[in-house]
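Visitor: With the input below, show me the fold.
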Amino acid sequence: MSARNGKGYYPIPDVGTFPSVTTINDCLDKYNLRQWAANTDVDYLYDNTIRPFMGGEITLEQFREINFQRTVQDAKLAHTVKSGEAKDFGSRVHKALDEYHKIGGEVKIEGELIDALHKNIEWEELVKLEVIESEKTVYSRTHRYAGTLDLYCRATFDESRAPLRGIIDYKTYGGDDADKKFTAYKSHKYQIAAYVAALEEMEGMEDERLDFGIVMGIHRLTGEPSPKLFFRAELIRPFEEFAALAHYFNMSHRVK
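Guide: Take a look at the predicted model:
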């Protein structure tokens, strides 16, 4: 199966070239992300000008010597820098979890990844997680999209019931705020709903549908996992909305 080509599309052999789920989701208005970017830039400007002066860390003379033009330019890029750091951490977490799920044993990691991996393993043991496949590329011929789901697995949420089948998608969050709580946004729900539907279509699961999708938040500072569990019935409406978005995207972009 082909991987995403760097332009937001998946070339699927003998099928076609489909846009990725995340590329389609980029059509959404991500207000929270825009607000975070604005807050980050303003915080950078304040922390490097007003705060040190008002806090007595620098003198009036030192305050006057600040290159405000350069500081403002740096502030405009603050959210980009922080976003890059977050994406780097997220990529390393994904890589470590993928390696662990594929070899089923100890993974050589260090630093901030240790807590994230170990705490996630503890959660997996709690739900008796069984890996079916890690980093699986899926696609939908019907709705013309593709993506790579993080984990296809079985898990036990109720000891009185048999294990359920579903998928997990990992999201790192939190930045420098150890108390920040994880929120599963609309785009997250669209993503797992799209992966569930694509996997069912590929595997011909008309009679045995998947049972759940989880958006797993992993805090950057603490490594604490925050699973947001959605049973299949809760993913029907998000998928209908995503399918409409995919239709719009494919109608407005040339896709082979």
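Visitor: Excluding sequence neighbours, find me the nearest residue to H253.
Guide: Spatial nearest neighbour of H253, chain neighbours left out: P19 (7.0 Å); criterion: C-beta to C-beta, 6 or more residues apart in numbering. Backbone N, C-alpha and C define where each C-beta goes, glycine included.
Visitor: Now that neighbour: phi and psi?
Guide: P19 has phi and psi values of phi -70, psi 150 when expressed as degrees, to the nearest 10.
Visitor: State the mean pLDDT of the helix or strand that contains N120.
Guide: Element membership of N120, judged by DSSP states H and E, is helix 113-126. Averaged across helix 113-126, pLDDT comes to 90.
Visitor: ditto for stretch 58-74
Guide: 85.
Visitor: Determine how far stretch 142-152 lies from the middle of the whole chain.
Guide: Centroid separation between stretch 142-152 and its chain, computed with C-alpha atoms, centre = their mean, to the nearest Å, is 14 Å.
Visitor: Alpha carbons only: can I get that stretch in PDB?
Guide: Extracted C-alpha coordinates of stretch 142-152, given in PDB (Å, rounded to 0.1, in the frame of the first residue of the first chain):
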ATOM      1  CA  THR A 142     -16.900   5.000  -2.500                       C
ATOM      2  CA  HIS A 143     -16.000   8.300  -0.900                       C
ATOM      3  CA  ARG A 144     -12.500   8.700  -2.500                       C
ATOM      4  CA  TYR A 145     -10.200   9.300   0.500                       C
ATOM      5  CA  ALA A 146      -7.400   7.500   2.200                       C
ATOM      6  CA  GLY A 147      -5.300   7.700   5.400                       C
ATOM      7  CA  THR A 148      -3.100   5.800   7.800                       C
ATOM      8  CA  LEU A 149      -4.800   4.700  11.000                       C
ATOM      9  CA  ASP A 150      -2.500   4.400  14.000                       C
ATOM     10  CA  LEU A 151      -3.800   1.200  15.500                       C
ATOM     11  CA  TYR A 152      -6.300  -1.500  14.600                       C
END
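Visitor: how much space between A178 and F239?
Guide: 34 Å (C-beta to C-beta, to the nearest Å).
Visitor: more neighbours, the two?
Guide: Applying other C-beta atoms under 10 Å to A178 and F239 shows that F239 carries more neighbours, namely 22 against 11.
Visitor: State the distance from the closest residue to that one other than its chain neighbours to C153.
Guide: Leaving aside its sequence neighbours, F239 sits nearest to A193 (C-beta to C-beta, 6+ apart; 3.9 Å). Here the distance between A193 and C153 works out to 17 Å (C-beta to C-beta).
Visitor: Comparing those two, which shows the higher neighbour count?
Guide: Between A193 and C153, counted using other C-beta under 10 Å, the more crowded position is A193 (25 against 22).
Visitor: Could you check how far that one is from E241?
Guide: 8 Å.
Visitor: try Y190
Guide: To E241, Y190 is 7 Å away according to C-beta to C-beta.
Visitor: neighbour count winner among these two?
Guide: Here Y190 and E241 are set side by side on neighbour count (other C-beta under 10 Å), and the busier one is Y190, at 23 against 15.
Visitor: List the residues that contact the more buried one.
Guide: Neighbour list for Y190: 21, 25, 28, 238-239, 241-242, 245 [criterion: C-beta atoms under 8 Å, 6 or more residues apart in numbering].
Visitor: do the same with E224
Guide: By C-beta under 8 Å, 6+ apart, the neighbours of E224 are 115, 119, 218.
Visitor: from those residues, which single one is nearest G147?
Guide: For the contacts of E224, the closest approach to G147 (C-beta to C-beta) belongs to I218, at 19.2 Å.
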